[in-house]
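Asker: below: sequence and its predicted model.
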Amino acid sequence: MNSKMERLILTFILIVCINAFGKVEGGSIPGGKYEEKTNKIPEMGEKPEFRSRNVIQVWEKAKRMELSETKMAELKGLLATHDQKAWQVKKDHREGKDIGDADAKLKIKLNQIMQRFGMARGAPDNQKALYNDVNRDFEDQRLEQLWRHAQTQDHFDKHELDELKKELMHHQDQLNEYNALAEDIYGPLNDAKKEKDRREKRNAKDNMTPTGDDPADPAKRRARELDLKLKHRDLNKDYQRLRTKMTPEEERGGFEDRRVISLWNDAVEASFSDEELESIKEELQAFEAKIHGYEEAQKAALREEKMYHNLKSRGENPDVQKHHTLRETAKELGSKISETMGSWRKALTAGRIHKEL
């Protein structure tokens with residue numbers, strides 16, 4: 001009898017036992033914080049009201065306190081909204097998106113809800129620090145969030161935290177240089193909206209007109225914009241590397257790209273056999289190499305376009321087709337990467353290996 005058949009039989013027996021005895025004594029079946037089994041209210045005949053384990057625990061505590069019907073109804077509405085937000089943050093995190101300090105803010109919000117209904121005292125230790133800019137170590141908000149998050153992680157010892165802070169400080173220096181260059185090209189920014197405007201400019205440089213350039217030399221202007229784009233790509237790559245360090249090394253599976261790490265974690269949680277996991281790991285290694293290739297293709301296209309405009313600003317007549325071809329190549333690679341990522345998500349959600357990846 002193979003291992004898959006054994007698991008199916010054991011699962012069937014477990015379901016029969018649960019149906020026969022109503023519920024498992026001693027609480028829910030152990031699992032991850034957001035695992036479906038652990039995020040249900042364990043009462044027979046009652047539809048699960050929430051998915052987040054923390055929210056469920058608060059709701060069960062409220063029921064034990066025997067609050068009035070009015071207060072329970074009000075609490076249920078607040079918890080339902082909180083549960084939806086918590087689930088979305090978890091989903092974004094698993095997809096490799098930047099959630100910033102969303103998780104910390106959710107914890108603070110849940111504590112505030114508990115205080116409102118007399119279920120908690122005080123506030124989380126990190127609440128004051130989270131919103132107190134006086135104690136900030138970094139000017140950039142994202143770096144500040146990374147640093148604060150790192151200090152709460154058990155997998156960093158004192159030496160590693162010191163080294164991480166040095167890396168973050170170096171990144172802040174590089175970011176300051178980038179911002180100075182951006183201001184030199186696009187003009188000074190309003191201090192009150194500086195950080196927000198800088199972020200917007202990183203994503204919309206092509207629609208802005210640099211200052212201090214000869215309007216009769218658009219090629220020179222474009223070359224400067226492309227140089228800024230290349231610097232921004234390098235900065236973003238380094239920031240993603242720093243973000244990856246927030247995940248313990250043993251949970252990364254030997255991968256560097258956060259999206260691939262997320263896929264690997266999904267695979268580990270999906271009850272694959274050791275042989276299947278080894279096969280998945282090999283496929284993900286090949287996929288990560290393709291992602292790196294795609295990123296290099298994007299940079300190559302930008303460098304070639306920058307060279308084209310530099311040559312043109314000097315009165316030369318370079319070949320326009322070269323960087324156009326590189327740009328189209330990068331675009332095609334990007335489409336394939338997105339398609340493959342979607343296929344991986346579907347395959348791992350279904351709990352099987354996609355043979356065509």
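Answerer: Nice, thanks for sending it over. Numbers count the residues shown, from 1 in each chain.
Asker: OK, contacts around residue 268?
Answerer: Residues near residue 268 by Cβ atoms under 8 Å, 6 or more residues apart in numbering: 253, 277. (Each C-beta comes from the backbone N, C-alpha and C, glycine too.)
Asker: residues touching stretch 147-158, excluding its own?
Answerer: Contacts of stretch 147-158 (Cβ under 8 Å, 6+ apart): 101, 104, 126, 129-130, 137-138, 161, 164-165, 168, 245-246, 248-249.
Asker: and the helix or strand harbouring residue 285, average pLDDT?
Answerer: Per DSSP states H and E, residue 285 falls inside helix 274-313. Taken as a whole, helix 274-313 carries a mean pLDDT of 94.
Asker: distance between the helix or strand just after it and the chain's centre?
Answerer: Per DSSP H and E, the first helix or strand lying C-terminal to helix 274-313 is helix 320-349. Offset of helix 320-349 from its chain centre (Cα atoms, centre = their mean, to the nearest Å): 20 Å.
Asker: report the angle between helix 320-349 and helix 274-313.
Answerer: 160 degrees (axes from the mean of the first three to the mean of the last three Cα atoms, to 10 degrees).
Asker: mind listing what's buried in helix 320-349?
Answerer: 323, 326-327, 330, 333, 337, 340-341, 344-345, 347-348 (16 or more other Cβ atoms under 10 Å).
Asker: ok, those vs residue 108, which is closest?
Answerer: Closest approach between these and residue 108, by Cβ to Cβ: residue 345, at 30.8 Å.
Asker: mind checking how far that closest one is from residue 156?
Answerer: 30 Å (Cβ to Cβ, to the nearest Å).
Asker: how about the helices of the chain, start to end?
Answerer: Ranges of helices in the chain, per DSSP state H, are 3-21, 53-65, 69-94, 102-116, 126-131, 141-150, 158-186, 194-203, 218-244, 258-268, 274-313, 320-349.
Asker: so what's the closest residue to residue 181 other than its chain neighbours up against?
Answerer: Nearest residue to residue 181 in three dimensions, chain neighbours excluded: residue 228, at 6.1 Å (Cβ to Cβ, 6 or more residues apart in numbering). By Cβ under 8 Å, 6+ apart, the contact set of residue 228 is 178, 181-182, 185, 205.
Asker: for residue 228, report the pLDDT, please.
Answerer: If you check residue 228, the pLDDT there is 92.
Asker: looking at neighbours, which among the contacts of residue 228 is most surrounded?
Answerer: Highest neighbour count within these, by other Cβ atoms under 10 Å: residue 182, with 22 neighbours.
Asker: give me the pLDDT value at it.
Answerer: At residue 182, pLDDT is 89.
Asker: ok, it to residue 274 distance?
Answerer: From residue 182 to residue 274 the distance is 50 Å (Cβ to Cβ).
Asker: nearest to residue 262 among the contacts of stretch 147-158?
Answerer: Closest to residue 262, out of all of these and judged by Cβ to Cβ, is residue 246, at 12.8 Å.
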